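> When you get a sec, could you give me coordinates for this:
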Amino acid sequence: MIEKDNNLSNILNIYRNSEGDYYDCVFHIDGTKENLVDLYLLKCFYRMNPLGVTFNHFGLSEIQKNNIRKSLEVFDVDHIMFTSRVTIIKKLKKKNPNDYISLLKSGVLAFSLKIAIKYNIKLVIGVPLLEELDKDIITNSIIKNNISAFDLNPYTLPKKDEIEKNNILLLKRTPFTKDVSQVSQEFINQKFSFQMLEEKNDDLFWIGFTEDWEFGQNSHATHKKTKYEKKAKKSSTGKPLFDSKIKYCTRCCMPETAEAFEFDELGMCQPCASSEQKMHINWPKRREILKTILDKYSADNEDYYDCMVPISGGKDSTFQLYVLSQLYNMRILASTFNANWMTKTGRKNLMNAIVEFDVDHINFTPRRNVIDKLAKKSLTMIGDSCWHCHAGVGSFPLQVAVDFNIKLLIWGESVSENDGRATYANPIPFDRDYFTKISARFYAEEMIDENISSLDVLPYILPSVEEIENKEIIGIHLGDYMFWDDERQMEFVRDNYGWKEDKVEGSYKGYKSVECIMEGVHEYSNFIKRGYGRGTVHASEDVRKGLMLRSEGFELAKKHDSERPEVLDYYLRITGYTEEEFAKIIKKARDKNAKRLNKYDPPQN
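All right, here's what the predicted structure looks like:
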């Protein structure tokens with residue numbers, strides 16, 4: 001029989017959120033058995049709702065890393081991880097190992113406290129206590145090892161009055177009874193492994209898609225061709241799929257059904273117009289403007305970050321880190337909203353990027369069951385599986401920028417590059433609602449229903465306009481200041497920095513969104529909704545660059561756009577949709593010119 005510790009119950013009851021719409025505490029997850037026992041009791045026995053955090057110091061064992069990943073699924077928690085620069089860790093360990101042990105404790109507590117303050121959470125569990133720390137360790141390390149205050153920023157505790165002002169209570173470990181501990185250990189031993197792993201996993205970013213998706217699980221050799229694939233097969237060679245039914249750009253392969261597309265008097269689309277404008281822009285002058293912006297923000301505070309770079313581990317964000325760290329010597333905090341659909345290749349690319357360019361990194365991973373619910377609702381709201389990703393890549397960097405006092409956010413490719421809603425002559429400026437307007441469409445608050453709670457959408461809520469303006473936060477895209485050629489840039493980071501390509505469903509190229517398993521469903525949805533997918537986009541880019549004929553582009557586009565993605569089986573399983581329901585819902589999302597596709601749809605099976 002399990003008996004509760006009454007004293008602990010009383011403490012937890014004080015800090016429990018009575019409405020159930022917010023986190024009750026911060027819990028530091030390190031993947032050891034004792035730590036997971038505590039998390040089990042906290043979540044499953046005392047019914048607390050923790051926000052999981054991990055201070056990653058490149059010293060976690062393979063067992064710990066594997067168990068941290070599993071714990072997010074088993075206990076269904078949101079999770080934030082901070083990874084400190086590897087060069088600083090090596091330097092500290094080499095010069096004074098004893099100091100580093102103390103610094104590591106300080107880092108664990110410092111990050112946990114910073115997250116508690118950021119999220120206004122009053123209880124922190126699983127961390128060293130203040131009285132256990134060497135109060136002079138930061139000062140000593142700077143003096144002894146000539147380490148800068150900026151280098152030690154991740155290990156520096158918030159000021160004592162800030163901790164006291166927020167009334168934060170620290171618990172090193174919850175004091176469990178023997179009976180409770182025995183029951184919980186049985187559960188932990190059943191769910192987790194503490195034996196050496198048979199296969200070494202050199203991928204630090206183990207937190208991703210749990211089924212480790214690999215293509216070929218459902219062979220296309222045995223796949224029954226869909227009506228779309230049959231239609232593409234029967235179409236005229238060198239002609240678009242809906243030839244004479246809808247208009248196509250006279251220069252590339254893009255159709256009029258693309259969002260906000262308009263053709264000029266020559267029949268050219270906006271991306272083609274943008275590609276022409278790029279040739280006449282004074283890029284050296286733009287680079288001077290970029291340097292002026294970077295100089296302004298790098299001079300702001302020599303002991304802190306100059307900017308934040310939101311990254312996914314994709315080829316664009318890897319190139320961003322190269323430009324900003326190697327060419328401009330910026331002090332960078334990299335941030336990642338991990339949609340929890342990350343491929344093995346994507347996780348390794350992400351790990352490789354932060355090590356190669358030696359940046360601090362903060363990573364947010366949302367709960368799996370909430371992702372599944374949002375992925376289902378996303379289809380009815382925006383005709384796409386990926387609302388939580390669209391919203392998260394906009395909200396998380398802004399949340400961190402506000403709470404970590406970083407004024408400059410830097411993205412890569414400009415929306416003017418391939419979007420019908422902007423050109424280089426008429427760009428879309430960055431603001432708080434940029435990603436909502438560009439891709440998410442709906443705010444987090446609008447996703448709440450009987451199945452999705454306010455707690456579920458908490459990670460996707462944007463800071464207020466006032467918060468962003470008060471902190472003087474701005475955002476820019478490198479693609480507005482330097483000539484952007486994503487394939488050439490991909491080849492550069494691949495050949496010089498170890499970035500990896502892989503198969504990507506929906507295209508004949510292996511680099512766009514290689515980090516996400518759901519890219520195939522995302523593009524297949526767009527194909528059903530608007531009559532084109534990633535194959536068309538890539539073919540159009542190659543046609544504009546003169547790398548292939550327009551007729552050749554149409555052939556590649558039809559083949560890859562119409563191909564049913566393997567990962568659709570996974571999406572249908574997590575949402576409960578049938579394939580027919582999936583297609584029917586997407587067709588309802590057609591707007592304006594895309595509605596013309598209704599009468600050309602293949603008949604349902």
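> Hmm, Val26 and Leu51 touching each other?
Yes. The criterion here is C-beta atoms under 8 Å, and Leu51 meets it with Val26 at 5.4 Å. (C-beta placed from N, C-alpha, C; glycine too.)
> So the two - more neighbours on which side?
When neighbours are counted by other C-beta atoms under 10 Å, Leu51 and Val26 differ, and Val26 comes out ahead with 28 against 22.
> Find the residues that touch each one of Leu51 and Val26.
Shared contacts of Leu51 and Val26 (C-beta atoms under 8 Å, 6 or more residues apart in numbering): 115, 119, 121.
> In helices only, show me those.
Ile115 (DSSP state H).
> Save the shared contacts of Leu51 and Val26 as CSV, and put in distance to Glu276 and pLDDT too.
Listed next are the shared contacts of Leu51 and Val26 as CSV, based on distance: C-beta to C-beta, whole Å; pLDDT from 0 to 100:
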residue, distance to Glu276, pLDDT
Ile115, 47, 96
Tyr119, 47, 92
Ile121, 52, 96
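> quick one: which of the shared contacts of Leu51 and Val26 is nearest Tyr577?
Tyr577 lies nearest to Tyr119 out of these, by C-beta to C-beta, at 33.7 Å.
> residue contacts, the closest one?
Tyr119 makes contacts with 23, 26, 51, as judged by C-beta under 8 Å, 6+ apart.
> Isn't the first one up against Leu123?
The one in question is Tyr23. No. With contact defined as C-beta under 8 Å, Tyr23 does not reach Leu123; the gap is 9.4 Å.
> Give the next helix or strand downstream of the helix or strand of the chain with the lowest mean pLDDT.
When each helix and strand of the chain is scored by mean pLDDT, DSSP states H and E, helix 137-145 comes last, with a mean of 76. Counting by DSSP states H and E, the next helix or strand C-terminal to helix 137-145 is helix 160-165.
> How far off centre is that next one?
Counting by C-alpha atoms, centre = their mean, to the nearest Å, helix 160-165 is centred 32 Å from the centre of its parent chain.
> again, but for stretch 107-115
On C-alpha atoms, centre = their mean, the centre of stretch 107-115 falls 22 Å from that of its chain.
> Also stretch 239-247?
With C-alpha atoms, centre = their mean, you get 36 Å for stretch 239-247.
> Name the residues of it that are buried.
The neighbour-count check on stretch 239-247 (16 or more other C-beta atoms under 10 Å) flags 240-242, 246-247 as buried.
> Over to stretch 591-605?
With burial defined by 16+ other C-beta under 10 Å, the residues of stretch 591-605 counted as buried are 593-594, 596-597.
> Go through those residues and say which is closest to Asn166.
Of all these, Asn166 sits closest to Ala594, with 49.9 Å by C-beta to C-beta.
> wouldn't the closest one be in contact with Tyr532 here?
No. The criterion here is C-beta under 8 Å, and Ala594 misses it with Tyr532 at 10.0 Å.
> those helices in the stretch 151-300 of the chain, which residues are they?
Under the criterion DSSP state H, counting those that start in this stretch, the stretch 151-300 of the chain carries helices at the ranges 160-165, 178-191, 227-234, 270-278, 283-298.
> Over to the stretch 301-450 of the chain?
Using DSSP H, counting those that start in this stretch, helices in the stretch 301-450 of the chain cover 315-321, 344-356, 368-382, 387-403, 434-435.
> In TSV: these, plus mean pLDDT and distance to Ser102.
Output for those, formatted as TSV (pLDDT from 0 to 100; distance: least, C-beta to C-beta, whole Å):
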stretch	mean pLDDT	distance to Ser102
helix 315-321	96	30
helix 344-356	92	24
helix 368-382	96	36
helix 387-403	96	26
helix 434-435	94	41
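> and of those helices, who's closest to Asn146?
Comparing the helices of the stretch 301-450 of the chain against Asn146 with C-beta to C-beta, the closest turns out to be helix 344-356 (22.8 Å).
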